[in-house]
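Peer 1: what's the 3D shape of this:
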Amino acid sequence: GINAEYGVTMEIHVSTINLIKTADRTLLAEHRVRFVSFMALGKQEHHLGYIVHGGPRIFYCHVYQSDSSCADMARAIQNACNARYQLLLAKQEEMKRNQKPESTGILSFWKRLKKKSPEAERRSLATKG
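Peer 2: Got it, this is the predicted structure:
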């Protein structure tokens with residue numbers, strides 16, 4: 001864990017939450033925003049906690065105490081999560097636009113065959129023969 005005897009600065013970015021030793025700027029911990037699954041403020045807002053997904057059935061709970069309110073830190077983490085979500089939506093939309101229609105291959109052939117009605121299939125066979 002992180003020793004509470006020395007000051008710690010929490011830097012919140014779109015992709016990461018960094019815990020830095022204030023005295024010498026040593027990086028103590030880095031948590032990916034995309035893996036934050038839950039966050040809450042304590043009753044008196046001097047405590048902030050969040051849960052980070054660490055793998056299959058593994059979750060890490062991080063709880064911080066501050067002399068002042070943690071509400072601003074909570075809002076910053078919430079904003080980072082929202083920004084991360086918007087990036088994900090934009091990326092999914094871009095992937096949809098860049099997908100080429102399925103036009104080649106055996107699967108495409110069978111899908112087109114299934115879509116044809118029996119009447120259209122008979123007409124197609126009649127014109128070929």
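Peer 1: list the contacts of residue 9.
Peer 2: 19, 20, 21, 22 (CB atoms under 8 Å, 6 or more residues apart in numbering). For the C-beta atoms, the positions are set from N, CA and C on the backbone; glycine is no exception.
Peer 1: and the pLDDT for the third one?
Peer 2: The pLDDT attached to residue 21 in the predicted structure is 91.
Peer 1: helix, strand, or coil at the residue nearest to the spatial centre of the chain?
Peer 2: For the chain, the residue nearest the mean C-alpha position is residue 34 (3.9 Å; CA atoms, centre = their mean). Following DSSP: H, G, I helix; E, B strand; the rest coil, we place residue 34 in the helix state.
Peer 1: against residue 17, how distant is the nearest residue to it once chain neighbours are set aside?
Peer 2: Closest residue to residue 34 in three dimensions, ignoring its sequence neighbours and counting by CB to CB, 6 or more residues apart in numbering: residue 84, at 5.6 Å. For residue 84, the distance to residue 17 (CB to CB, to the nearest Å) stands at 11 Å.
Peer 1: cheers, nothing more for now.
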